[in-house]
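1. need the 3D shape of this:
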Amino acid sequence: MIGVAGDKRGLHVRSARLETITVSPGIVATADSGISLVAQWSGETANQATTAFYLGLGNDPSGHDFSDRLRNAITEAKAR
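-> As a prediction, the model looks like this:
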């Protein structure tokens, strides 16, 4: 699940199954260890393209640990 808040669309929460998520490196210019999560998120119809959401993570042990655990969970889900 990921939550997004914006001036135009307000607050909304989306979800995706782990096995459908693709992880990309974060935005190179950022100072954190964030990652982009690409998937067909809840609320989209079957004919809509996938959407990427950026998940900002601290460039510290906790941020790196979360990123590693999320990547491992996605890899394990895809292997089933």
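
2. report the helix or strand with the lowest average pLDDT across this protein.
-> When the helices and strands of the chain are scored by mean pLDDT, DSSP states H and E, strand 22-25 comes last with a mean of 83.

3. list the neighbouring strands of that one plus their orientation.
-> strand 35-39 (antiparallel) (DSSP bridges).

4. how many neighbours does the nearest residue to residue 44 once chain neighbours are set aside have?
-> Spatial nearest neighbour of residue 44, chain neighbours left out: residue 51 (6.9 Å); criterion: C-beta to C-beta, 6 or more residues apart in numbering. Using the backbone N, CA and C atoms, a C-beta is placed for each residue, glycine as well. Using other C-beta atoms under 10 Å, residue 51 has 14 other residues around it.

5. residue 43 is in contact with residue 51, correct?
-> No - using C-beta atoms under 8 Å, residue 51 is not in contact with residue 43, being 9.7 Å away.

6. so who does the spatially most central residue of the chain touch?
-> The residue lying closest to the centre of the chain (C-alpha atoms, centre = their mean) is residue 37, at 3.0 Å. Contacts for residue 37 (C-beta atoms under 8 Å, 6 or more residues apart in numbering) come out as 2, 16, 21-24, 52-55.

7. can we see that at 6 Å?
-> Residue 37 is in contact with 21, 53, 55, counting by C-beta atoms under 6 Å, 6 or more residues apart in numbering.

8. list the buried ones in the helix or strand hosting the second one?
-> Remark: residue 53 resides in strand 51-55, with elements defined by DSSP states H and E. Taking 16 or more other C-beta atoms under 10 Å as the neighbour-count basis, strand 51-55 is seen to contain the buried residues 53-55.

9. just the CA atoms of the helix or strand that that strand is followed by, as CSV, please.
-> Going down the chain from strand 51-55, the next helix or strand is helix 61-79, by DSSP H and E. Presented in CSV, the C-alpha positions along helix 61-79 are these (Å, rounded to 0.1, in the frame of the first residue of the first chain):
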residue,chain,number,x,y,z
PRO,A,61,20.3,2.0,8.1
SER,A,62,16.5,2.0,8.5
GLY,A,63,15.8,3.2,5.0
HIS,A,64,18.3,0.7,3.5
ASP,A,65,16.8,-2.1,5.6
PHE,A,66,13.2,-1.4,4.5
SER,A,67,14.3,-1.2,0.9
ASP,A,68,16.1,-4.6,1.2
ARG,A,69,13.2,-6.2,2.9
LEU,A,70,10.7,-4.9,0.4
ARG,A,71,12.8,-6.1,-2.6
ASN,A,72,13.2,-9.5,-0.9
ALA,A,73,9.4,-9.8,-0.4
ILE,A,74,8.7,-8.9,-4.0
THR,A,75,11.3,-11.4,-5.2
GLU,A,76,9.9,-14.2,-3.0
ALA,A,77,6.3,-13.4,-4.2
LYS,A,78,7.3,-13.6,-7.8
ALA,A,79,9.0,-16.9,-7.3
